[in-house]
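Participant: show me how the following folds:
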Amino acid sequence: MKYICLGYYEPAKHAEMTEEERNAMFDECFEYDDHLRANGHFSAGEGLQPPETGLTVYWKNGKVATTDGPYIETKEQLGGILVLEARDMNHAVQLMSQHPSLKYGSSFEIRPVADMSEIVKASEQRRLKLTAR
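Facilitator: Numbers count the residues shown, from 1 in each chain. Okay, the predicted model is just below:
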């Protein structure tokens with residue numbers, strides 16, 4: 001089963017680290033990612049640019065609206081995602097509890113991936129009927 005692991009970090013803590021400390025942290029984290037990959041648990045992963053480079057899209061007063069940067073002010077920021085293959089939630093927790101970034105103050109929110117295949121299939125069927133008219 002797939003799990004999305006949202007990695008959060010505190011930018012202030014990272015800013016206090018020396019370049020050598022940051023490099024050591026990244027090296028440890030990427031080495032663990034390689035371990036997960038080698039054992040068939042790492043499906044995908046990406047780091048994110050800082051929140052101020054992002055844009056929030058939402059619906060307001062009957063139309064699409066946007067807000068620059070993070071929509072909600074928080075101390076921790078989403079730093080990246082990892083798509084993990086695990087037997088169940090306990091296994092996902094076990095795997096992520098060994099991630100070196102935890103020692104540096106990061107945290108992970110782990111959520112099961114929703115199986116949308118039946119919903120997508122039903123939507124495709126409905127849309128086919130509409131275009132067949």
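Participant: now for the chain, the helix or strand with the poorest mean pLDDT.
Facilitator: Using mean pLDDT, DSSP states H and E, strand 55-60 stands out as the lowest-scoring helix or strand of the chain, at a mean of 80.
Participant: check contacts around the spatially most central residue of the chain.
Facilitator: Centroid-nearest residue in the chain, with C-alpha atoms, centre = their mean: residue 81, separated by 2.3 Å. Residue 81 makes contacts with 4-7, 44-46, 48, as judged by C-beta atoms under 8 Å, 6 or more residues apart in numbering. Placement of C-beta: from N, CA and C, glycine included.
Participant: as PDB, could you dump the C-alpha coordinates of the strand or helix carrying it?
Facilitator: Using DSSP states H and E, residue 81 sits within strand 77-85. Output in PDB follows, covering the C-alpha atoms of strand 77-85 (Å, rounded to 0.1, in the frame of the first residue of the first chain):
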ATOM      1  CA  GLN A  77       6.700  24.400   6.800                       C
ATOM      2  CA  LEU A  78       6.100  21.600   4.400                       C
ATOM      3  CA  GLY A  79       9.500  20.700   3.000                       C
ATOM      4  CA  GLY A  80       8.800  17.800   0.800                       C
ATOM      5  CA  ILE A  81       6.900  14.600   0.100                       C
ATOM      6  CA  LEU A  82       7.800  11.000  -0.100                       C
ATOM      7  CA  VAL A  83       5.600   8.300  -1.600                       C
ATOM      8  CA  LEU A  84       6.300   5.200   0.500                       C
ATOM      9  CA  GLU A  85       5.400   1.500  -0.100                       C
END
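Participant: please, where are all the helices along this structure?
Facilitator: 11-16, 19-38, 89-96, 117-132 (DSSP state H).
Participant: distance of residue 60 relative to residue 67?
Facilitator: 10 Å (C-beta to C-beta, to the nearest Å).
Participant: out of these two, which sits in the more crowded spot?
Facilitator: Using other C-beta atoms under 10 Å as the criterion, residue 60 and residue 67 rank with residue 67 on top: 12 against 9.
Participant: fine by me, thanks again.
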